[in-house]
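[1] Just a sequence and a predicted model for now, questions to come.
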Amino acid sequence: MTAASPAGRALAAADSPARTAVAAVLGDSCVITGPAVVRLAALLDPGFLAGAGWDPVTWVLAPPAGHRLIRWDCSRLDARSGPSGRQAPLPVLGGSKCAVLACLRARRAGQRRQEARCAVHAGRWQAARRDDPALDECRWNRTAEPLPVTGQVNLRGLAPLVVVELLYGLQQRAMAECTSYCRFLRRLARELRQAQVSCLSELPAQDEPVRRSLVNSLLAHLGRAFADPRTEIAKDRWDLTVLGHHGWLAFTGISQRWLREAVKGWAAHDLPRRRGKQAGSRLHEIVGAMVRLSATLRAGRQDQGENPARLGRADIEAFLHRLAFLSAEGQLSAYCRVKTCQDAGRVLAEIRSLGLARPGGPAAGLADDFTLTAGDVPAKADPGEPGRDVPAEIMRQICGHLPRLEGTVSSRETRIAVELLMDTGRRPAEICTLEWDCLVRDADGTPVLVYDNAKAHRLRRRLPISEHTATLITDQKLAVRERFPATPPARLKLLPSRRLNPAGSRPITEDNLIGRHRIWLSSMGPLRRADNTEFDKTLITPYSYRHSYAQRHADAGVPIDVLRELMDHTSMDATKRYFRVGETRRRQAVDMVTAMQFDRHGNRIWRDATTLLDSEHARYAIGAVAVPYGTCAEPSNVKAGGGACPVRFRCAGCDHFRTDVSRLPDLTGYLDDLLRTRERLAATVEGIDEWARADATPAEEEITRIRRLISKIKGDITQLTDSERAAVDNAVAVVRRHRSVSSPVSLGMPAIRTPLPSPRTESLA
């Protein structure tokens, strides 16, 4: 290259640091062909290049055999390395080099200078010339492939910018703990050499998924090399990584330029206020609503909606009618229709509040009536009671298939993740991202799971777990430590990915877990309910186990305030959406337990009732007030909400008192308390007057009355058949659970810690 050539003039004009940076990557003989080469060369770490075995003289990448992230591979092309598998030494460039640009071998002796090729390439040239006599020899020398060598990637014959781009992309992939393989890098180099492109982005689209993934990864890293948030938000397709999030966000579906720029302005304001992995997904949905609005304007107006000043209420009406049509045709769900209206209305309102509709803004002149009001949003359908949990009999069948999840269908990490979802009721993202050291013990030795609630931005949350779950985590920790002995524990994940994860610092992804879980369920046979009907497996997702966790604990009688803590909710209303105690079920239960209702003498009330009238249900709900062991219908006490009992809560001596079979545990506990109190006061206690002792001592008549009432209730239960007794037990469980949900108030009675319910309790019995 002469000094008078453009490349030579660029080299002469370049300053000393630029020369040094380029020389360290491409050698002293390479000329600077543009500013991009200089800028990328300056971003390359000499330590990375040295560790990866890059030779700036020969342009050959020869990583050592033990490199963690740029790995050798024993493909068919690498057979020349011999049985030892050792890397072939790099040849030394000299005056007798093969005329093929990418070849580093010596030319065959006795050849004329213009035909100077090595023996292999001389034979290949002769064969190619026979097939195509008009073949351009100079181009053939530039594009011919070198002889492949195990553990080496020859980049000779590529443009300097392409070489620097490849090296920079590999460096960034290594920083992201992504593994690259020499076999695929050699294939990519061959395609680049054949295409003779000046930069990586000019390479034609790849068909093979692995190579396409590699090229896309390299291009993504190159796009971020000099990215800046200010320049990124000016584009019509955003790389959200540059903006601190994940994925991409495209505005190209919005055809009106003013609307596209206004939505981009809104998104630039909204994005920094979001957190978590799902921020990009939510923005996709909102931008999708504006794409639908754009399509309506484009199809329904002669000017295609390009002039914001001419838009008005009629255009909003057309948009609403279009959504109604799509919903009626089944092309848009009712939920999506509601969300589209809400999102579009929000963006249009905030476009104005951000000043984007003022003079000089992208939406300047936008009419005030071009907006969606609250009345424009369709009413949400009543979702009914929660029902996303997996029935107990189906859960037992699923647990029986857990061993098949590891090995034949997926990895150990997927099986552990599914078991933890079942046992702990955490969200899939919370389980996937568990740290290696996520298991601790309380002061009393009980195991606790430490996790991050990223959705609510509450970190280091603590969840009591069973010893079975603790053992599961402990075994997984040992397996991970054995797999990654060199990685510090602080960098390890409990569920490390099996792909592109040499250090164990990358967890399995939520999307991968969902996909593997779906494959596993599909591989099972039919799942059948207790009545032998088939359960729809498509209703079961990893998130379903969170609903099952809540339902399981609610069925076990866990009070809703405790369940709210277990679910890590701030609102009790959110917890109520996770388990079923529906009105139909409650009413059936009330019918059954009320049919076994007793007065204070133990006489049955409504003995022949099978169902209550609506008026009786209302009276049951509001015509009485709850007392510790039943209900009270005394009018003044009911009016005072239970705080004005005329006989000081001597319920056993009052005809207004009612109880039923669901109160039997409370009555039994009350009797035990009366007996304990009587024995304690019967002992010698100094400093108490006899009248006070007598007043505080439970009356024998009260004890007798409570004993008789308990005996009457138990006697009625013993007269039931087995099926009737089972039905009563289920009804009692529903009523008591609803009672704890409606009135989660402690009466100050002592309680014992019960074992945590498990989805596999019955299946392991």
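    Arrived safely, thanks for sending.

[2] all contacts plus neighbour counts: C-alpha atoms, from now on.
    Fine.

[3] so how far is Arg273 from Leu243?
    Leu243 sits 11 Å away from Arg273, taking CA to CA, to the nearest Å as the criterion.

[4] Compare those two (neighbour count), which wins?
    More crowded of Leu243 and Arg273, by other CA atoms under 10 Å: Leu243, with 17 against 8.

[5] Which residue ranges of the stretch 501-650 of the chain form helices?
    According to DSSP state H, counting those that start in this stretch, the stretch 501-650 of the chain carries its helices in the segments 510-523, 544-555, 560-567, 572-576, 583-594, 614-622, 635-639.

[6] the helices in the stretch 251-400 of the chain, which residues?
    According to DSSP H, counting those that start in this stretch, the stretch 251-400 of the chain carries its helices in the segments 257-270, 279-300, 313-328, 334-353, 392-400.

[7] Take the ones you listed and write them to JSON lines, including mean pLDDT.
    Written out in JSON lines, the entries for the helices of the stretch 251-400 of the chain read as follows (pLDDT from 0 to 100):
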{"stretch": "helix 257-270", "mean pLDDT": "96"}
{"stretch": "helix 279-300", "mean pLDDT": "93"}
{"stretch": "helix 313-328", "mean pLDDT": "95"}
{"stretch": "helix 334-353", "mean pLDDT": "94"}
{"stretch": "helix 392-400", "mean pLDDT": "92"}
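
[8] Grab the nearest non-local neighbour of the residue nearest the centre of the chain.
    Among the residues of the chain, the one closest to the centroid is Ala429, at 3.6 Å (CA atoms, centre = their mean). Distance criterion CA to CA, 6 or more residues apart in numbering; nearest residue to Ala429, sequence neighbours excluded, is Glu510 at 5.7 Å.

[9] I'd say the one you found and Val418 touch.
    No: proximity of Glu510 to Val418 does not meet the contact threshold set by CA atoms under 8 Å, at 11.4 Å.

[10] neighbour-wise, which of these two wins?
    Between Glu510 and Val418, counting by other CA under 10 Å, Val418 is the more crowded of the two (21 against 17).

[11] for that one, phi and psi?
    Backbone geometry at Val418, expressed as degrees, to the nearest 10, gives phi -60, psi -40.

[12] mind listing what it touches?
    Taking CA atoms under 8 Å, 6 or more residues apart in numbering as the contact definition, Val418 lies against 517, 542.

[13] let's go with 10 Å and repeat that
    Taking CA atoms under 10 Å, 6 or more residues apart in numbering as the contact definition, Val418 lies against 399, 402, 405, 428, 431-432, 513-514, 517, 542, 545.

[14] So among those, where is pLDDT lowest?
    Lowest pLDDT within these is found at Leu405 (86).

[15] just for the stretch 1-150 of the chain, where's the confidence low?
    1-15, 31-32, 74-95, 108-115 (pLDDT under 70).

[16] Equivalent analysis for the stretch 401-550 of the chain, please.
    The model of the stretch 401-550 of the chain has pLDDT under 70 over residues 408-409.

[17] which residues are common contacts for Glu510 and Val418?
    Common neighbours of Glu510 and Val418, counting by CA under 10 Å, 6+ apart, are 428, 431-432, 542.

[18] ok, so of those, who is nearest Arg129?
    Distances from Arg129 to the shared contacts of Glu510 and Val418, taken as CA to CA, are shortest for Cys432 (57.7 Å).

[19] thinking the closest one is in contact with Leu494, fair?
    Yes: with contact defined as CA atoms under 10 Å, Cys432 counts as touching Leu494 (8.2 Å).

[20] Find residues that contact each of those two.
    Both Cys432 and Leu494 are in contact with 413, 416-417, 506-508, where contact means CA under 10 Å, 6+ apart.

[21] one step back: residues in contact with the helix or strand hosting the residue nearest to the centre of the chain?
    Counting by DSSP states H and E, the secondary-structure element that holds Ala429 is helix 428-432. Judged by CA under 10 Å, 6+ apart, the contacts made with helix 428-432 from elsewhere in the structure are 277, 413-414, 416-418, 420-421, 424-426, 451-455, 493-497, 506-514, 541-546.

[22] Identify the residues contacting the residue nearest to Ala429.
    For Glu510, the contacting residues are 427-433, 516, 542, taking CA under 10 Å, 6+ apart as the criterion.

[23] redo that, cut-off 7 Å
    Taking CA atoms under 7 Å, 6 or more residues apart in numbering as the definition of contact, the neighbours of Glu510 are 428-429, 432.

[24] circling back: are any of the contacts of helix 428-432 buried, and which?
    Neighbour counting over the contacts of helix 428-432 (16 or more other CA atoms under 10 Å) leaves 413-414, 416-418, 420-421, 424-426, 451-454, 493-497, 506-510, 513-514, 541-546 as the buried ones.

[25] So Gly407 versus Glu413, what's the distance?
    10 Å.
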